[in-house]
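> Please find the sequence and the predicted model below.
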Amino acid sequence: MSVYAIGLQVIIDGKTLVFTDVQTIAWFSTYVQQAAEVGIINGYEDAHGNLTGKFGPANDITLAETLKIAVGGAGYDSQLYGSLVDSGMKEHWASAYFSVAKAEQFAFLKERKRIDRPATRAEVASIFVSAFRVDLSTATTVDTRYTDVHFTTTFAQEIEALSRDGVVAGDTDIHGQATGTFRPTE
């Protein structure tokens, strides 16, 4: 059996876990491994809270999952926030992360919808900008680098700020060349 067929091995809370759906040769495998090993992500859990060894790289990411990753990556103490700020959704697994977003006034909350639905690319940008307190003061939406992001696009300024800072780069073609699109609503 090849190493590639086994999946990506990570250490989570001192225990070895294999993400069986992430090949070690995948372009994103290093990022997944680093995020898992510093405690930002852990993959899917079963109904009993046990890790399943599934990461779901082909799955859409939900608003709740995005918020967990951004809050964890930015270093917030979500349990502390959860004990101090009522998220309004105590029974949900992501309640503590929403407590952070509520206390820190994350911009996406102004347009909050169902939290377990897939997040749009613009919403993901907004959550990360809020979590990491990215400076929006020089992010203009007048001369946007993307043909599908306009001043009326929800979270256009956030998309521009992350592009300016090299966090996102928009779409590329099969040759790796920029296409000039971001697909903010997808």
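Structure's in. What do you need? Not measured: the values here are computed from a predicted model.
> Tell me the confidence at the residue nearest in space to the middle of the chain?
Nearest residue to the geometric centre of the chain (CA atoms, centre = their mean): T66, 3.6 Å. Looking at T66, its pLDDT reads 96.
> One more: A5?
Looking at A5, the pLDDT reads 55.
> Over to V167?
Confidence score, pLDDT, at V167: 93.
> Would you mind listing the residues in contact with it?
F128 (CB atoms under 8 Å, 6 or more residues apart in numbering). Just so you know, the C-beta spots here come from the backbone N, C-alpha and C atoms, and that holds for glycine as well.
> Tell me how far it lies from D148.
18 Å (CB to CB, to the nearest Å).
> I'd assumed S99 was in contact with D86.
Yes: contact criterion CB atoms under 8 Å: D86 and S99 qualify, at 7.2 Å.
> neighbour-wise, which of these two wins?
A side-by-side neighbour count of D86 and S99, using other CB atoms under 10 Å, places S99 first with 25 against 13.
> what's the following helix or strand after the helix or strand in which that one is found?
Using DSSP states H and E, S99 falls within helix 95-103. Where DSSP H and E defines the elements, the next helix or strand beyond helix 95-103 is helix 121-131.
> Show me what that following helix is packed against.
Secondary structure elements in contact with helix 121-131, counted by 3 or more CB pairs under 8 Å, 6 or more residues apart in numbering; DSSP states H and E, are helix 63-74, helix 95-103, helix 156-164.
> Please enumerate residues in contact with the last one?
The set of residues external to helix 156-164 that reach it, using CB under 8 Å, 6+ apart, is 107, 121-122, 125-126, 128-129, 134-136, 138-141, 144-146, 149-150, 153, 168-170, 182, 184.
> what's the angle from it to helix 121-131?
80 degrees (axes from the mean of the first three to the mean of the last three CA atoms, to 10 degrees).
> Thanks a lot, see you next time.
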